[in-house]
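A.B. asks: predicted structure and sequence below. I'll ask about it afterward.
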Amino acid sequence: WRTGRQRLLLALVMAEVAGAAGAAGVVVMLSRRSIRPLATALALQRRFVADASHELRAPLTVLHTRAQLLARRADKQDVDEGLRGQLHGLVADTRALGDVVEDLLIAASLESDSQDRDRVDLLGLCEEVRDSAVAHAESLGVGLDVEPGEASDVAVTGSRSALRRALVALVDNALGHERPGGRVLLRLGRDAAAVSVAVTDTGVGLDPSVAQNLFTRFAHGDGHTAGVRHYGIGLALVQEIVDAHHGHITVEGAPDRGATFTLHLPAADPAR
């Protein structure tokens, strides 16, 4: 009787394990079948956004160039001041629209397996971003510079275009919240395993309690230099770029004491 009972219990345990394994297999199979259409739709959506952004980039570049030429010609000729202001506004709007298209293109390609991963020298990239934005900073009366630090190797592995866009977004954010006479600084650092880039301003600062909300899409912060609230995907895109490079971003600041956004990225292999 005891032997029969043990055999029965063993059979019940084996049947239960087999049933659980079969149920798990069915759940996995059904889950894959149900998720597959969503994954396909997401891939198609990402491809459409990338294709549309790529097609829009060229005509927007031409439009921005023509607007710049018209604005420069208006500055040289005796043109009504109101019309001149509208032309300069058109230049700013076309540049902003081009930045949005670039953001969409990068956001759509972040998860792509075909995205290029190269060795990127962050010092050279920071200097390139500074050179491209220094004229705009001077027009606002703000200083913009790069502090290399003591580290000799500040290279990371990733997408140069995406990292450049992240730095441009942080610099634009700093300039937008800086006062005339202030200074924006890109400071590089290095430890054993990571490279850091800190974008620091001396502007209106921020409330630390709402710092993380700034990385939500279309979130905004008060205190913009232009007197308006800034909406967009700039800082949210920075967060996505950092996550795609297996890094993280920290925010420090206080009201009227400026703010510091720091990118922490894994250092590139010295052998590469």
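C.D. replies: That came in fine, so what should we check first? These numbers come from a predicted model, not from an experiment. Numbering: from 1, shown residues only.

A.B. asks: show me where this structure has helices.
C.D. replies: Counting by DSSP state H, one finds helices in the chain at the ranges 2-76, 81-109, 122-139, 160-176, 234-244.

A.B. asks: reformat those helices as JSON lines; add mean pLDDT, mean neighbour count and distance to Asp153.
C.D. replies: (Glycine included, C-beta is placed from N, CA and C.) Converted to JSON lines, the helices of the chain look like this (pLDDT from 0 to 100; neighbours: other Cβ atoms under 10 Å; distance: least, Cβ to Cβ, whole Å):
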{"stretch": "helix 2-76", "mean pLDDT": "82", "mean neighbour count": "12", "distance to Asp153": "33"}
{"stretch": "helix 81-109", "mean pLDDT": "80", "mean neighbour count": "16", "distance to Asp153": "26"}
{"stretch": "helix 122-139", "mean pLDDT": "90", "mean neighbour count": "17", "distance to Asp153": "9"}
{"stretch": "helix 160-176", "mean pLDDT": "88", "mean neighbour count": "22", "distance to Asp153": "16"}
{"stretch": "helix 234-244", "mean pLDDT": "85", "mean neighbour count": "21", "distance to Asp153": "20"}
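
A.B. asks: got the ones you listed as CSV, with distance to Pro148 columns?
C.D. replies: Formatted as CSV, these follow (distance: least, Cβ to Cβ, whole Å):
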stretch, distance to Pro148
helix 2-76, 32
helix 81-109, 26
helix 122-139, 6
helix 160-176, 15
helix 234-244, 21
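
A.B. asks: ok, the nearest residue to Thr200 once chain neighbours are set aside - contacts?
C.D. replies: Spatial nearest neighbour of Thr200, excluding adjacent residues (Cβ to Cβ, 6 or more residues apart in numbering): Thr260 at 4.4 Å. Neighbour list for Thr260: Ala198, Val199, Thr200, Asp201, Val251, Glu252, Gly253 [criterion: Cβ atoms under 8 Å, 6 or more residues apart in numbering].

A.B. asks: nearest residue to the middle of this protein?
C.D. replies: The centroid of the chain falls nearest to Val238 when counting by Cα atoms, centre = their mean (2.0 Å).

A.B. asks: still on that earlier bit, neighbour count added to the contacts of Thr260, as CSV?
C.D. replies: Output for these, formatted as CSV (neighbours: other Cβ atoms under 10 Å):
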residue, neighbour count
Ala198, 19
Val199, 24
Thr200, 20
Asp201, 26
Val251, 16
Glu252, 16
Gly253, 20
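
A.B. asks: you'd agree Ile249 is up against Ile241?
C.D. replies: No - using Cβ atoms under 8 Å, Ile249 makes no contact with Ile241, being 9.3 Å away.

A.B. asks: and the gap between the residue nearest to Thr200 and Arg47?
C.D. replies: 37 Å (Cβ to Cβ, to the nearest Å).

A.B. asks: ok, back up a step: looking at the contacts of Thr260, which one is closest to Gln6?
C.D. replies: Distance to Gln6, by Cβ to Cβ, is smallest for Val251 among the contacts of Thr260, at 63.5 Å.

A.B. asks: the residue nearest to the centre of the chain reaches Leu170, doesn't it?
C.D. replies: Yes - taking Cβ under 8 Å as the definition, Val238 is a contact partner of Leu170 at 6.3 Å.

A.B. asks: now do the shared contacts for the two.
C.D. replies: With Cβ under 8 Å, 6+ apart, Val238 and Leu170 have common neighbours Phe261, Leu263.

A.B. asks: now do Arg183: how many residues are near it, please.
C.D. replies: Counted by other Cβ atoms under 10 Å, the residues lying close to Arg183 total 17.

A.B. asks: and it, what does it touch?
C.D. replies: Contacts of Arg183 by Cβ under 8 Å, 6+ apart are Val142, Gly143, Leu144, Asp145, Asp201, Thr202.

A.B. asks: what subset of these is buried?
C.D. replies: Val142, Leu144, Asp201, Thr202 (16 or more other Cβ atoms under 10 Å).

A.B. asks: in strands, which of the residues you listed fall?
C.D. replies: Leu144, Asp201 (DSSP state E).

A.B. asks: include pLDDT when you put the buried ones among the contacts of Arg183 into JSON lines, please.
C.D. replies: Listed next are the buried ones among the contacts of Arg183 as JSON lines, based on pLDDT from 0 to 100:
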{"residue": "Val142", "pLDDT": "92"}
{"residue": "Leu144", "pLDDT": "93"}
{"residue": "Asp201", "pLDDT": "92"}
{"residue": "Thr202", "pLDDT": "90"}
